[in-house]
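**Q** Predicted model, plus sequence, below.
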Amino acid sequence: MILHAWPAKAAVLVASAAMVLIRAPHGQRSRTVRVAASHRGRLELALLTLASIAFVVPLVWVTTPLLAFADYPLHPRLFALGLLGLALGLWLFHRSHADLGTNWSITLELREQHTLVTDGIYRRIRHPMYAALLLYSAGQAFALPNWLAGPSYGVALLLLVACRLGPEERMMRERFGAAYDAYRGRTKRLIPGLF
Ligand code: SAH
C-alpha cells in the first residue's frame, strides 16, 4: 500500500514546530546567563550553519515543489517507524533541555556559574540532546518520502556531532577536571551501556 504525501507533510510541520517550541523557552532563559568562554572554531561554525540549513530543507519540501523530483512513494511501515523516531526524539529533546537548564548553548560555550549536570537524563548518557537530535532526524529520514529532504538534517547532524563530541568533552574536562573524569567513567556518550 502507498500513502499520499500529505501525512508526511503534516508530520514534518508538526514535528518541526514542536522542536522550535520546546527549545524556545530554554533558549530564552539561557540567554540571560552570560557566556564566560567560547570554544567555537571555524569548523564548528560551518557545521552549525550547515545543520541550520538542513533543518529548513524539509520545510522547503513541504511548502514548495522545488524538491519534488526526488520524491518516492510513502510506505505505511516506514512512515510509522519514522513517527516513532520523531516522537521519541522530541521527548528526549524536551527531557535534556529541562535537565541542562541554563547551561545549554547552541555551540561550544561555558556560561558564568556553569554547573556540571550529571542527574536526570544525564545520569544515563553524556549527550542526550545529541541522541535526541539524531533520533529525531532518523525518524524524519524514514517519515519523509524524499531522497534529499528526508535525510538532509540527519546527515548534517551526524557530521556536527561527530566533529563536536571530542572538543566538547575536552572543554568540559578542562573546566570540571576530576568530576568530569568520574562522570565520563560511569557513562557512555549516546547509547546507554553501549557507546
Ligand atoms: N552534549 C550535551 C549538551 C548539548 S548543548 C547533550 O547532548 O545533551 C552543548 C553545551 O552543553 C556545551 O557547550 C556545554 O557547555 C554544555 N554541556 C554539555 N554537557 C554538559 C553537562 N553534562 N553539564 C553541563 N553542561 C554541559
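**A** Arrived safely, thanks for sending. All figures in this text were calculated on a predicted structure; none of them were measured in a lab.
**Q** contacts and neighbour counts: CA atoms only from here.
**A** Noted.
**Q** what comes up buried for the longest helix along the chain?
**A** Determined from DSSP state H, the single longest helix within the chain is helix 152-186. By neighbour count on 16 or more other C-alpha atoms under 10 Å, the buried set for helix 152-186 is 152-158, 160-161, 164-165, 167-169, 171-172, 180, 183-184.
**Q** Show me which residues of the protein sit near the ligand.
**A** 96, 103-110, 115-118, 126-130 (C-alpha under 6 Å from any ligand atom).
**Q** Using PyMOL, define a selection of the buried residues within the residues you listed.
**A** Command for PyMOL that selects the buried part of those, burial taken from 16+ other C-alpha under 10 Å:
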select buried, resi 96+103+104+105+108+109+110+117+118+126+127+128+129+130
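**Q** Do a quick rundown of the strands in this structure.
**A** Ranges of strands in the chain, per DSSP state E, are 35-38, 109-111.
**Q** what's the last one packed up against?
**A** Other helices and strands packing on strand 109-111, by 3 or more C-alpha pairs under 8 Å, 6 or more residues apart in numbering; DSSP states H and E, are strand 35-38.
**Q** Quick one: end-to-end length of stretch 183-195, please.
**A** End-to-end distance of stretch 183-195 (C-alpha to C-alpha, to the nearest Å): 15 Å.
**Q** what bits of the protein have low per-residue confidence?
**A** 1-3 (pLDDT under 70).
**Q** Nearest to the spatial middle of it, which residue is it?
**A** Centroid-nearest residue in the chain, with C-alpha atoms, centre = their mean: L133, separated by 2.4 Å.
**Q** quick one, what contacts that one?
**A** G89, F93, L157 (C-alpha atoms under 8 Å, 6 or more residues apart in numbering).
**Q** mind redoing it with 10 Å?
**A** Residues near L133 by C-alpha atoms under 10 Å, 6 or more residues apart in numbering: 19, 85-86, 88-90, 92-93, 139, 153-154, 157-158, 161.
**Q** contacts for stretch 71-83?
**A** Outside stretch 71-83, the residues that touch it by C-alpha under 10 Å, 6+ apart are 1-8, 11-12, 15, 61, 84-89, 135-150.
**Q** Apologies, that question was intended for stretch 5-17.
**A** Identification of contacts with stretch 5-17 by C-alpha under 10 Å, 6+ apart yields 18-19, 21-22, 55-56, 58-59, 61-63, 71-75, 79, 82-83, 86-87, 89-90, 136, 140, 142-146, 150.
**Q** What are the buried residues along it?
**A** Buried residues in stretch 5-17, counted by 16+ other C-alpha under 10 Å: A5, A8, K9, A11, V12, L13, A15, S16.
**Q** What separation do you get for the fourth one and T118?
**A** In this structure, A11 and T118 are 33 Å apart, going by C-alpha to C-alpha.
**Q** repeat for L159
**A** L159 sits 25 Å away from T118, going by C-alpha to C-alpha.
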